[in-house]
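Participant: Sequence first, predicted model second:
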Amino acid sequence: MKSIIIANWKCNPNSLKEAKKLFSEVNKKAKAKNTDVVVCAPFVYLGLLKGKNLGAQNVCFEEKGAFTGEVSTLMLKDLGVEYVIIGHSERRKYFNENNLDINKKIKILLEAKLKPILCIGETKQEFEAHLKPEVIETQLTEALKDIKKEDVKNVIIVYEPVWAISSNGGENCSVDETMTSVVFIRKIISELYNRDTSDIVKVLYGGSVNSFNSADYIKNARVDGLLVGASSLDLEEFSLIVKSVE
Ligand code: PGA
């Protein structure tokens, strides 16, 4: 299966000039055989970045209408966007997004033939209380409610333990812990749909990925790719991560 490395720029960089420079350098330098490299940039830059595999970091749950401050699937499609991150823990935490919102967004994205990148994962508290399986199962089941087998194949799932995000290598999720979660996610998909579907759906890892740990996750955690935050803003570091997939 083709691997996928996704850059999540979050609320960065500060200027269009920097965004254009980073995007064009990533397109030139961050390449590896049999790997798709996707850049999820802030909305304001999307129409001004020229290249393929462009992603957004959110979308409106309705196609159009009176939703002040929102950006729709139609607008994103018009700009050539192909992927959209949904349910990132920062959106769940700071913008109160819940599984119902996430489910609506996945549905509208699939209708528009855009690829949802669904982020799931437990908080530190949940992890310590051994609630990881319940959290993952609930997030997946509610996010994928009423989504058909044919469509779920286009959803990319990312296991992102909230406690391992933005830790700058301080608190990484071990490869074994990641693998256990990935296997569990596939088991849930298999129960919700079937084995063939669970084999096809891409499951990625995200959380403090850098050029020192990326190869280990890819080789040993049974992931189909990585979602990269902070390290994706550093061209050298991001290029090394992409190359490590080979
Ligand atoms: P990080 O972010 O790589 O900076 O930990 C990952 C993410 O939140 O997608």
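Facilitator: Perfect, thanks for sending it. Residues are numbered from 1 along each chain as shown.

Participant: low pLDDT regions in the chain?
Facilitator: 168-170 (pLDDT under 70).

Participant: Residue of it nearest the ligand, please.
Facilitator: G229 (2.1 Å; C-beta to the nearest ligand atom). For the C-beta atoms, the positions are set from N, CA and C on the backbone; glycine is no exception.

Participant: Does that residue touch E160 like I think?
Facilitator: No. Between G229 and E160 there is no contact under C-beta atoms under 8 Å: 9.2 Å.

Participant: how about the closest residue to N12 other than its chain neighbours, phi and psi?
Facilitator: Among residues not flanking N12 along the chain, L233 sits closest, at 5.6 Å (C-beta to C-beta, 6 or more residues apart in numbering). Main-chain torsions, L233, degrees, to the nearest 10: phi -90, psi -10.

Participant: Get me the contact residues on this protein for the ligand.
Facilitator: 8, 160, 165-166, 206-209, 227-231 (C-beta under 6 Å from any ligand atom).

Participant: biggest separation within these, which pair?
Facilitator: Farthest pair in these (C-beta to C-beta) is E160 and S231. Separation: 14.1 Å.

Participant: okay, the two: which has more neighbours?
Facilitator: E160 (26 against 22; other C-beta atoms under 10 Å).

Participant: ok, so what distance separates the residue nearest the centre of the chain from V209?
Facilitator: A centroid search over the chain (C-alpha atoms, centre = their mean) returns I117, at 4.2 Å, as the residue closest to the centre. Per C-beta to C-beta, to the nearest Å, I117 is found 14 Å from V209.

Participant: likewise N194?
Facilitator: 30 Å.

Participant: out of these two, which sits in the more crowded spot?
Facilitator: V209 (28 against 11).

Participant: Quick check: phi and psi on S72?
Facilitator: According to degrees, to the nearest 10, S72 has phi -100, psi 170.

Participant: To clarify, my last question referred to G55.
Facilitator: phi -130, psi 160.

Participant: Overlap of the contact sets of G229 and E160?
Facilitator: Common neighbours of G229 and E160 (criterion: C-beta atoms under 8 Å, 6 or more residues apart in numbering): G206.

Participant: Find me whatever residue is spatially closest to I106, sequence neighbours aside.
Facilitator: Closest to I106 by C-beta to C-beta, 6+ apart is P116, at 4.7 Å.

Participant: Tell me where the chain has helices.
Facilitator: 16-29, 43-46, 73-78, 89-94, 99-111, 124-128, 132-143, 149-152, 175-192, 195-200, 214-220, 235-244 (DSSP state H).

Participant: which parts of the fifth one are buried?
Facilitator: So the one you mean is helix 99-111. Neighbour counts over helix 99-111 (16 or more other C-beta atoms under 10 Å) mark N99, D101, I102, N103, K104, K105, I106, K107, I108, L109, L110 as buried.

Participant: ok so, going back, now the helices of the chain in a markdown table, with distance to A56?
Facilitator: Conversion of the helices of the chain to a markdown table gives the following (distance: least, C-beta to C-beta, whole Å):
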| stretch | distance to A56 |
| --- | --- |
| helix 16-29 | 13 |
| helix 43-46 | 6 |
| helix 73-78 | 5 |
| helix 89-94 | 12 |
| helix 99-111 | 10 |
| helix 124-128 | 28 |
| helix 132-143 | 17 |
| helix 149-152 | 19 |
| helix 175-192 | 23 |
| helix 195-200 | 24 |
| helix 214-220 | 24 |
| helix 235-244 | 19 |
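
Participant: Of those helices, which is nearest V37?
Facilitator: helix 235-244 (5.7 Å).

Participant: I'd like to know which elements the closest one is packed against.
Facilitator: Contacts defined by 3 or more C-beta pairs under 8 Å, 6 or more residues apart in numbering; DSSP states H and E place helix 235-244 against strand 3-8, helix 16-29, helix 214-220, strand 225-228.
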